[in-house]
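**Student:** need the 3D shape of this:
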Amino acid sequence: MADAYLTTSDVAVFNKVDMDLMVSDVLNDAPLLRALAARTVRGNSFVYSKETVAPSVGFRAVNDGIENTKGTRQKVTVSLGVLDASFAVDIAAAQSDERGEDHLMGVEALAHLKQAMREVEEQLLNGTVGNQAADAFDGFADQTNLDELADDQVVDAGGTAANTGSSVYLIRAGELDVQVLWGQSGEINIGDRQIVERDGATGRFPAYYHPILGWCGVKIGSVHSVVRIANLTEDSGATLDDDLIYDALAVFPTSRQPTHIAMNRRSLKQLRKSRTATNATGTPAPRPTDVDGIPIVPTDSISSTEALLS
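**Tutor:** Here you go, the predicted model:
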């Protein structure tokens, strides 16, 4: 039976209950973020120890010893990024809603929070490489064991068409591996509504302003927590299939298999086509939902225009 871990829906909270928002409501456009393990952090940074080399042990002869070699661990500090979903609405626009100002402000809050969660998911996968959010936190694509073809945790799909690349990430989520971190004890702070002045094209106007702030990051507990299939393209022989996924699975230690496989819609389409092509009956394969029992999480947060790894 698979382990069950707390997720973002369990640990992140809004401080405003009068806006009638649930964290689960704003995760609809961030399916991977919804699925991954999560934990709270008291402040705005998190320090953990990451195993890089296992200790050595062995058998010995009676009355003789063996050399003790300790494992190697690396101290990692994750600086959480400020997630800002604040927004302002012209008072005149708010008053024009036939269901009232509160309804319009609630709709806007939900839209901004949903986009904020999508932004967290994009940052988690693409990091500062693909998401260009330099003030956020490092994601998978920033990791030094996932950013070059020569890395042990990277499987090369072989695509060569520039800027048409994509990646598939096999992820082991859990307390010792990948966890989404929510700072300030998991609180996403929705401040009181304020009236402020905003600049328009020809003058200033009054607006309702809602500050919404949170802190988030990601913990990657081990070099064995994530494996990347890179350079997936539309080139012949460089599309996603089960063979590539099993190549990536073989990189994980037997005792530390992945819990999720994240891919975009193009990769999911390619995987289905590969299964149809190898189907003895010629019947179109159903939409893939897992590989060997490991769930596939389709997400739009992985692009199909990545720069190819070299």
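**Student:** can you check the pLDDT for the closest residue in space to Asn279 that isn't next to it in sequence?
**Tutor:** Using CB to CB, 6 or more residues apart in numbering and skipping the chain neighbours, the partner closest in space to Asn279 is Ala285 (5.9 Å). Any C-beta I mention is one placed from the backbone N, CA and C, and that applies to glycine too. At Ala285 the predicted local distance difference test score is 92.
**Student:** which of the three states applies to Ala285?
**Tutor:** Taking DSSP: H, G, I helix; E, B strand; the rest coil as the rule, one finds Ala285 in the coil state.
**Student:** ramachandran coordinates for it?
**Tutor:** In terms of degrees, to the nearest 10, the main-chain angles of Ala285 are phi -70, psi 150.
**Student:** contact partners for it?
**Tutor:** Neighbouring residues of Ala285 by CB atoms under 8 Å, 6 or more residues apart in numbering: Arg272, Lys273, Arg275, Thr276, Asn279.
**Student:** buried among the residues you listed? Need that as a selection in ChimeraX.
**Tutor:** Buried residues within the contacts of Ala285, by 16 or more other CB atoms under 10 Å, are selected in ChimeraX with:
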select :272,275
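**Student:** state the pLDDT value of Ala134.
**Tutor:** You'll see Ala134 listed with a pLDDT of 69.
**Student:** sorry, slip of the keys, the one I care about is Ala277.
**Tutor:** You'll see Ala277 listed with a pLDDT of 81.
**Student:** what about it, distance to Ser267?
**Tutor:** Noted for Ala277: a distance of 16 Å to Ser267, by CB to CB, to the nearest Å.
**Student:** same check on Ala248?
**Tutor:** 12 Å.
**Student:** who touches both of the two?
**Tutor:** By the contact definition CB under 8 Å, 6+ apart, Ala248 and Ser267 are jointly contacted by Val168.
**Student:** about what we covered before: closest to Thr239 out of the contacts of Ala285?
**Tutor:** Using CB to CB, Lys273 comes nearest to Thr239 of those, at 7.6 Å.
**Student:** wait, Ser9 sits on Val23?
**Tutor:** Yes. The pair Ser9 / Val23 is scored as a contact, 5.1 Å apart, by CB atoms under 8 Å.
**Student:** who's more crowded, those two?
**Tutor:** Applying other CB atoms under 10 Å to Ser9 and Val23 shows that Val23 carries more neighbours, namely 20 against 16.
**Student:** which residues touch that one?
**Tutor:** With contacts defined as CB under 8 Å, 6+ apart, Val23 is in contact with Thr8, Ser9, Ala12, Val13, Phe14, Ile188.
**Student:** I'd like those residues as CSV, with pLDDT appended.
**Tutor:** Formatted as CSV, the entries for the contacts of Val23 read as follows, by pLDDT from 0 to 100:
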residue, pLDDT
Thr8, 93
Ser9, 88
Ala12, 88
Val13, 84
Phe14, 81
Ile188, 91
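**Student:** which residue sits closest to Thr283, ignoring its sequence neighbours?
**Tutor:** Once its chain neighbours are removed from consideration, Thr283 has its nearest residue in Thr276; the separation is 7.7 Å (CB to CB, 6+ apart).
**Student:** so where does that neighbour fall, helix or strand?
**Tutor:** In this assignment (DSSP states H and E), Thr276 forms part of helix 265-277.
**Student:** show me what that helix is packed up against.
**Tutor:** strand 166-171, helix 242-249, strand 294-298 (3 or more CB pairs under 8 Å, 6 or more residues apart in numbering; DSSP states H and E).
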